[in-house]
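**Student:** Please work out how this folds:
(2 chains)
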2 protein chains.
Amino acid sequence: MPGRNHKKISTALNQQPLADFKVGVDNVIFSVDTTQNRLLVLLVMRQQEPFLNSWSLPGTLVREGESLEDAAYRIMAEKIRVKNLYLEQLYTFGGPNRDPREASDSYAVRYLSVSYFALVRFEEAELIADGVTGIAWYPVKQVPQLAFDHNEILAYGHRRLRNKLEYSPVAFEVLPETFTLNDLYQLYTTVLGENFADYSNFRARLLKLGFLCDTGIKVSRGAGRPASLYKFDAEAFAPLKDKPLVFI
Amino acid sequence: MPGRNHKKISTALNQQPLADFKVGVDNVIFSVDTTQNRLLVLLVMRQQEPFLNSWSLPGTLVREGESLEDAAYRIMAEKIRVKNLYLEQLYTFGGPNRDPREASDSYAVRYLSVSYFALVRFEEAELIADGVTGIAWYPVKQVPQLAFDHNEILAYGHRRLRNKLEYSPVAFEVLPETFTLNDLYQLYTTVLGENFADYSNFRARLLKLGFLCDTGIKVSRGAGRPASLYKFDAEAFAPLKDKPLVFI
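**Tutor:** This next block holds a predicted model:
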């Protein structure tokens, strides 16, 4: 809150020289292994200092003539092959001293990170191992200490993912084309944690929204009764697209 | 979508030198004049090239040792005095050629803008005219061509404001402490446009959510029946805080 002290700092800062920046993009790429009900994030092992051999989010520094988004897609294309890739901007982390290169560099260049968010279908995503760097789908619950402030960026991305599941039909981009209501419930449980809603409430709410279409096909899995396969009906959803809506 | 062409561009860009950046913050500060039902945005007239004498969002360039957020608060504190100032990060605009200084500067430094969003109570906000720069609350519907890509940033901020009104209790930060349900409806109409919901549905929905508390006081305005004054009950809202919720 800007009080007297804040104003004093402000005035002093007005006389400081402008900071020089390099700008990085870091991608938080999630996937859900629906067979094992695990939420995964894509990590790569750093091949250079700082944080040599630490796991990190896949990232790169922006080149001359390159937009932020192009840089984000460039690093994706180097790490993963996937259909229908969709990235959205997440947040920009830019405090001083977030990167150890700032201290050692005599020009005192600062490193800012613009983070991007993606959610891809686990079965369709093919990791590109370049023979040198480590690359892995890590269960979010078991992510180790990452390079830089990447644990913080990951936590921010996880919050965005939860929000998107609550307020948008993003789940249907991750599930196979046909799915049981239990598959859908498991996906929500995997991302939001247990007890976000009981199954019968969840089921009733989703069916009432009117964009899940029963294909008439039934599948048997394990001991229970055969379950109906549903499809997401994009046409039925269209009129709801711009309305505020809660999915759970 | 990364196809063959995208890959080719990517590889070429990998050999490009890193871009150098200055980083600006630009604030989209909204207010609602509830007496006239107008949504307002704070604009300042630029005192220097480029875009000398153009209206722009209040902004500044980040100094050495300064965080992005501190820069955003610094420029706010120079332009406006307000209680309970709350800023949140909006989006980062960083494509090449978004700033004409990039072309004329022989070092080809790029200018990136991290935008911040604020909503302040119109009655409490005091503009700081420094005797030189123009500063004004502009009705959003009448905003002229702004400097740089600031019209685009404003449009993004407007979308965020609409979302916040739909999904969060931000309205109660803008209204006076006590208000009629019609005041609340007018605020929503001012931001979301007419016909977002009819008054009786809106009223029923908000009362059902259970965090509006009737003060027992009635006010007469104009010809109609006296209307009840309500308060936002933060305690009743607390259990809903982390639940996905739609306000309209």
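
**Student:** alpha carbons only for contacts and neighbour counts from here, please
**Tutor:** Noted.

**Student:** what are the ranges of the strands in chain A?
**Tutor:** Remark: strands of chain A, listed N- to C-terminal, are A:21-33, A:38-45, A:55-56, A:59-61, A:80-81, A:87-93, A:110-121, A:126-127, A:135-139, A:178-179, A:212-219, A:227-232; assignment by DSSP state E.

**Student:** got those as CSV, with mean pLDDT and mean neighbour count columns?
**Tutor:** Written out in CSV, the entries for these read as follows (pLDDT from 0 to 100; neighbours: other C-alpha atoms under 10 Å in any protein chain shown):
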stretch, mean pLDDT, mean neighbour count
strand A:21-33, 95, 24
strand A:38-45, 95, 22
strand A:55-56, 96, 24
strand A:59-61, 95, 22
strand A:80-81, 91, 16
strand A:87-93, 95, 20
strand A:110-121, 94, 23
strand A:126-127, 90, 15
strand A:135-139, 95, 18
strand A:178-179, 92, 18
strand A:212-219, 94, 14
strand A:227-232, 94, 18
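
**Student:** Which one, of these, ends up nearest to residue B:234?
**Tutor:** Distance to residue B:234, taken as C-alpha to C-alpha, is lowest for strand A:87-93 among the strands of chain A, at 28.4 Å.

**Student:** Now do that closest one: distance to the chain's middle.
**Tutor:** Centroid separation between strand A:87-93 and its chain, computed with C-alpha atoms, centre = their mean, to the nearest Å, is 9 Å.

**Student:** Which strands border it, and is each parallel or antiparallel?
**Tutor:** Partner strands and pairing direction for strand A:87-93 (DSSP bridges) are strand A:110-121 (antiparallel).

**Student:** what residues does the partner strand touch?
**Tutor:** Residues lying outside strand A:110-121 but in contact with it, judged by C-alpha atoms under 8 Å, 6 or more residues apart in numbering or on different chains, are A:19-32, A:68, A:72, A:82, A:85-99, A:101-102, A:153, A:157, A:173-175, B:92.

**Student:** Give the full set of residues in contact with the residue lying closest to residue A:177 once chain neighbours are set aside.
**Tutor:** Beyond its immediate neighbours in the sequence, the residue positioned closest to residue A:177 (C-alpha to C-alpha, 6 or more residues apart in numbering or on different chains) is residue A:231, lying 6.2 Å away. Contacts for residue A:231 (C-alpha under 8 Å, 6+ apart) come out as A:177-179, A:212-215.

**Student:** would you put the C-alpha positions of the longest helix belonging to chain A in PDB?
**Tutor:** Counting residues, the longest helix found in chain A (DSSP state H) is helix A:150-167. Output of helix A:150-167 as PDB, limited to C-alpha atoms (Å, rounded to 0.1, in the frame of the first residue of the first chain):
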ATOM      1  CA  HIS A 150      10.400 -22.800 -11.200                       C
ATOM      2  CA  ASN A 151       8.700 -24.400  -8.300                       C
ATOM      3  CA  GLU A 152       6.800 -21.200  -7.800                       C
ATOM      4  CA  ILE A 153       5.900 -20.900 -11.500                       C
ATOM      5  CA  LEU A 154       4.700 -24.500 -11.400                       C
ATOM      6  CA  ALA A 155       2.500 -23.800  -8.400                       C
ATOM      7  CA  TYR A 156       1.000 -20.800 -10.200                       C
ATOM      8  CA  GLY A 157       0.400 -23.000 -13.200                       C
ATOM      9  CA  HIS A 158      -1.300 -25.700 -11.000                       C
ATOM     10  CA  ARG A 159      -3.700 -23.000  -9.700                       C
ATOM     11  CA  ARG A 160      -4.500 -21.900 -13.200                       C
ATOM     12  CA  LEU A 161      -5.200 -25.600 -14.200                       C
ATOM     13  CA  ARG A 162      -7.600 -26.000 -11.300                       C
ATOM     14  CA  ASN A 163      -9.400 -22.800 -12.200                       C
ATOM     15  CA  LYS A 164      -9.700 -23.900 -15.800                       C
ATOM     16  CA  LEU A 165     -11.200 -27.200 -14.800                       C
ATOM     17  CA  GLU A 166     -13.700 -25.400 -12.600                       C
ATOM     18  CA  TYR A 167     -14.700 -22.700 -15.100                       C
END
